[in-house]
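K.L.:
just the structure for this:
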Amino acid sequence: VFIPTFKNTGFGFYCRAHYSDIVNCYPLLEVRGSKPGKNVQLQENEIRGLQPILLELEAPLKICGDIHGQYYDLLRLFEYGGFPPESNYLFLGDYNFFLLRGNHECASINRIYGFYDECKRRYNIKLWKTFTDCFNCLLIAAIVNEKIFCYHGNLSPDLQSVEQIRRIMQPTDVPDQGLLCDLLWSDPDKDVLGWGENDRGVSFTFGAEVVAEFLHKHDLDLICRAHQVVEDGYEFFAKRKLVTLFSAPNYCGEFDNTGAMMSVDETLMCSFQDFKACREKEAECHKTHHTSKGYDHKASKEIDIILILPSWDL
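P.N.:
Below you'll find the model as predicted:
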């Protein structure tokens, strides 16, 4: 277990951590008022089995999309949504925290896109291999209040039942095709009927009727996923039966996109908070009001946005 140290500077929080803490796994903390714990010998497979691969969560919680290592934007998500443990968070890959695996939590992908090189430059290859072992045990999907289905990528033509997700064995690398690959790689496409080829060269695209059929079959109301850069931080598909979240504003310094976070309250009412990239001289966060009639951009910085999906009986 590794817990970084956070310090409030008056201008935000920064994290101070030491590599030796990660490698040597020092004992970390005592909980006030807690009873002394007991040492229990657990096998590796027993540890992996402590948490199911398909999470079943309860609202309220905050749902966030891709972060892609933009640490200061992660801290801003906490500032706007509340710091743990006061607020619970579900991150859709790429923590109380709930972490789902994204397509970049795969050795063959993050070796190409910079994570391997950064581990090698800052520490050593052994650390990257340790991260890879951890990624291979990350959870794949979550269901909130039995109504909101969450994961990183999207649907699969091989997915006939959510029980198939529960039966995925861990640890596992991400294969080049099949159910697990699609859950991390597939994309919605408004121009596709049924299933289509994906321009990424991996997995599939699918149309709105695939979403509607899946939700109806499994008595679900909404699919919440990440994986794609969207201009406003969140974007609806299939008559608001699917929403894409992306929580890394100004992604890689190459996109002028906004980041967003979705909050779900106890009644499954959803609200979206969007924010611009954190810059040296400008760290403005704005909220966008979203109604059933469309977008309403306001000048005010503190506008709550409330969205009630039509299919929900609140």
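
K.L.:
next, count neighbours for residue 156.
P.N.:
24 (other CB atoms under 10 Å). (C-beta placed from N, C-alpha, C; glycine too.)

K.L.:
meant to ask about residue 163
P.N.:
8.

K.L.:
report the distance from whichever strand or helix holds residue 261 to the chain centre.
P.N.:
In this structure, residue 261 sits in strand 259-264 according to DSSP states H and E. With CA atoms, centre = their mean, to the nearest Å as the basis, strand 259-264 stands 11 Å off its chain's centre.

K.L.:
could you pull out the strands for the stretch 151-300 of the chain?
P.N.:
Ranges of strands within the stretch 151-300 of the chain are 187-188, 195-197, 204-206, 222-225, 234-237, 242-245, 259-264, 270-275, 289-291, 294-296, based on DSSP state E, counting those that start in this stretch.

K.L.:
nearest to residue 55, out of these?
P.N.:
Residue 55 lies closest, by CB to CB, to one member of the strands of the stretch 151-300 of the chain: strand 222-225, at 12.7 Å.

K.L.:
which elements pack onto that closest one?
P.N.:
If contacts are counted by 3 or more CB pairs under 8 Å, 6 or more residues apart in numbering; DSSP states H and E, strand 222-225 sits against strand 148-151, helix 208-217, strand 242-245.

K.L.:
closest one to residue 180 among those?
P.N.:
Of all the helices and strands packed on strand 222-225, strand 148-151 comes closest under CB to CB, at 10.5 Å.

K.L.:
could you export the strands of the stretch 151-300 of the chain as TSV, including mean neighbour count, distance to residue 74 and mean pLDDT?
P.N.:
TSV is the format used below for the strands of the stretch 151-300 of the chain (neighbours: other CB atoms under 10 Å; distance: least, CB to CB, whole Å; pLDDT from 0 to 100):
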stretch	mean neighbour count	distance to residue 74	mean pLDDT
strand 187-188	22	24	98
strand 195-197	14	34	97
strand 204-206	24	29	98
strand 222-225	23	19	98
strand 234-237	20	17	97
strand 242-245	24	14	98
strand 259-264	26	10	95
strand 270-275	22	12	93
strand 289-291	16	23	33
strand 294-296	9	26	29
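
K.L.:
distance from whichever helix or strand residue 76 is part of to the middle of the chain?
P.N.:
Using DSSP H and E, the element containing residue 76 is helix 71-81. Distance, stretch centre to chain centre, for helix 71-81: 14 Å (CA atoms, centre = their mean).

K.L.:
can you mark which positions in that helix are buried?
P.N.:
Residues 73-78, 80-81 are the ones in helix 71-81 that count as buried (16 or more other CB atoms under 10 Å).

K.L.:
flag the shaky bits of the stretch 1-150 of the chain, pLDDT-wise.
P.N.:
The model of the stretch 1-150 of the chain has pLDDT under 70 over residues 1-40, 42, 44-50, 94-97.

K.L.:
how much space between residue 78 and residue 207?
P.N.:
Going from residue 78 to residue 207 by CB to CB, to the nearest Å gives 36 Å.

K.L.:
same thing with residue 276?
P.N.:
32 Å.

K.L.:
please apply the same query to residue 123.
P.N.:
Using CB to CB, which is the criterion applied here, residue 123 is 45 Å from residue 207.

K.L.:
over to residue 92?
P.N.:
Residue 92 is 22 Å from residue 207, by CB to CB.

K.L.:
compare the two (neighbour count), which wins?
P.N.:
Neighbours per residue (other CB under 10 Å) separate residue 92 from residue 207, with residue 92 holding more: 29 against 18.

K.L.:
thinking the more buried one is in contact with residue 234, fair?
P.N.:
No. Applying CB atoms under 8 Å as the test, residue 92 and residue 234 come out as separate, 11.7 Å apart.

K.L.:
switch the helices and strands packed on strand 222-225 over to TSV; also include distance to residue 162.
P.N.:
Formatted as TSV, those follow (distance: least, CB to CB, whole Å):
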stretch	distance to residue 162
strand 148-151	8
helix 208-217	10
strand 242-245	16
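
K.L.:
for residue 271, find the nearest of the ones you listed.
P.N.:
Here strand 242-245 is closest among the helices and strands packed on strand 222-225 (CB to CB), at 12.1 Å.

K.L.:
can you name the residues that contact residue 261?
P.N.:
Shown in contact with residue 261 (CB atoms under 8 Å, 6 or more residues apart in numbering): 62-64, 77, 80-81, 233, 245, 247, 272-274.

K.L.:
what about the helices in the stretch 51-200 of the chain?
P.N.:
Here the stretch 51-200 of the chain has its helices, by DSSP state H, counting those that start in this stretch, at 71-81, 107-110, 115-122, 125-135, 163-166, 179-185.
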